[in-house]
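J.: Fold the following and give me the result.
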Amino acid sequence: MPSRRAVGFGLAIGVIHAVGLLLVALGLGYSIGPSQYSLVGLLWRYGGLVVVAAVPVWLAGRFRLVTPAAALIVTAGYVLGMELTPPGPTFRDVAELEGLAEPTGITVVENGLYIVRYMLNAAVWTVGFLFLGLVEYTSRNMWTQLPSVPRSVPWLSIPAPRRRATAIASVGGSLHAAVMVWYAARLGVTLSGGFEWLLYLFGAVGMWILAAVPLYILVRHCLIAPATLLTVFILIDVQAAFTASVEDPHALYFGAWFLYLGILLIVAGIEYGLRRLDVSRRFTSGA
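T.: Next comes the predicted model:
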């Protein structure tokens with residue numbers, strides 16, 4: 001599909017996606033009408049619902065990448081399914097979740113607000129879908145067993161030259177860091193002792209490293225597993241926001257990012273070792 005047509009098609013599906021979800025949410029009585037927000041808030045929320053669908057559809061139309069669109073369909077289907085099937089929204093005091101004797105006055109919603117949470121966190125979902133598309137693109141260019149990408153990205157050869165791989169990793173890391181810092185601020189991730197600025201500085205640097213490293217070894221050295229696992233981490237992290245809980249998985253992801261980085265590096269080492277072992281076996285059998 002030509003570039004302009006793919007963009008137009010993606011935006012059209014994005015608008016349909018946003019309008020459909022908003023109509024369902026308004027029908028359920030959620031207070032998310034245009035009058036509830038400022039202009040900036042309206043553009044961020046409604047625009048997020050458009051972009052989160054437009055990006056995977058554009059990737060499918062332009063480059064025939066199917067996994068982001070499939071992930072979008074599963075996510076949107078899950079959101080609609082949970083909203084339209086019983087039980088309906090239930091309101092519980094935090095004391096019930098924490099097992100406290102006295103009510104706290106802080107209420108959480110279970111079995112509801114899926115569309116609202118999906119809308120608020122659309123930026124995080126979009127990053128996850130983008131990284132999923134990059135993993136698929138690399139895999140299909142590297143493995144002959146998979147269908148090749150019919151229209152390659154002009155500036156993204158696989159494996160990428162060192163400078164280009166560094167640039168892609170830097171941009172991807174910056175995008176991941178910006179979205180995850182915003183997500184942490186929206187969820188109210190804090191640190192006792194009045195050193196929140198230190199936590200957010202530490203988290204921002206970590207979010208950049210956590211994405212830049214696996215993206216670099218993905219496009220430069222074609223190691224698929226670390227970037228795939230990173231994408232899974234992102235999607236699990238944002239999916240946890242659908243469930244009412246006193247625990248905050250993003251606080252662990254944001255503050256203890258070095259643990260996740262260690263897992264990604266271990267996975268990279270295992271994949272590299274398995275590939276080297278396969279090469280050695282082929283060399284030995286050929287001899």
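
J.: Help me confirm that residue 75 comes into contact with residue 125.
T.: Yes: using CB atoms under 8 Å, residue 75 makes contact with residue 125 at a distance of 6.6 Å. From N, CA and C alone the C-beta is placed, and that goes for glycine too.

J.: what touches both of those two?
T.: Shared contacts of residue 75 and residue 125, defined by CB atoms under 8 Å, 6 or more residues apart in numbering, comprise residue 118.

J.: between those two, who's got more neighbours?
T.: Comparing residue 75 with residue 125 by other CB atoms under 10 Å, the one with more neighbours is residue 125, at 27 against 21.

J.: wait, the more buried one sits on residue 238?
T.: Yes: counting by CB under 8 Å, residue 238 is a contact partner of residue 125 at 5.9 Å.

J.: what helix or strand is the closest residue to residue 176 other than its chain neighbours on?
T.: Using CB to CB, 6 or more residues apart in numbering and skipping the chain neighbours, the partner closest in space to residue 176 is residue 211 (3.6 Å). Assigned by DSSP states H and E, residue 211 belongs to helix 196-221.

J.: Quick check: which helices or strands does the helix or strand following that helix pack against?
T.: Counting by DSSP H and E, the next helix or strand C-terminal to helix 196-221 is helix 224-239. Under the contact criterion of 3 or more CB pairs under 8 Å, 6 or more residues apart in numbering; DSSP states H and E, helix 224-239 touches helix 122-142, helix 196-221, helix 249-255, helix 257-286.

J.: Report the buried residues of helix 224-239.
T.: 224-231, 233-235, 237-239 (16 or more other CB atoms under 10 Å).

J.: How about stretch 139-150?
T.: For stretch 139-150, by 16+ other CB under 10 Å, it's 139, 140, 141, 149.

J.: Next, format these as CSV and append distance to residue 248 and pLDDT.
T.: Shown next, in CSV, are the buried residues of stretch 139-150 (distance: CB to CB, whole Å; pLDDT from 0 to 100):
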residue, distance to residue 248, pLDDT
139, 33, 91
140, 36, 90
141, 38, 88
149, 38, 82
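
J.: Out of those residues, flag the one nearest to residue 275.
T.: Distance to residue 275 across those (CB to CB) is lowest for residue 139, with 13.7 Å.

J.: Run a quick neighbour tally on the residue nearest to residue 176.
T.: Using other CB under 10 Å as the criterion, the residues surrounding residue 211 number 31.

J.: what do you get for the one 3 residues further on?
T.: Residue neighbour count, defined by other CB under 10 Å, stands at 30 for residue 214.

J.: nearest spatial neighbour of it, skipping sequence neighbours?
T.: Spatial nearest neighbour of residue 214, excluding adjacent residues (CB to CB, 6+ apart): residue 226 at 3.7 Å.

J.: That's all I had, so thanks and see you.
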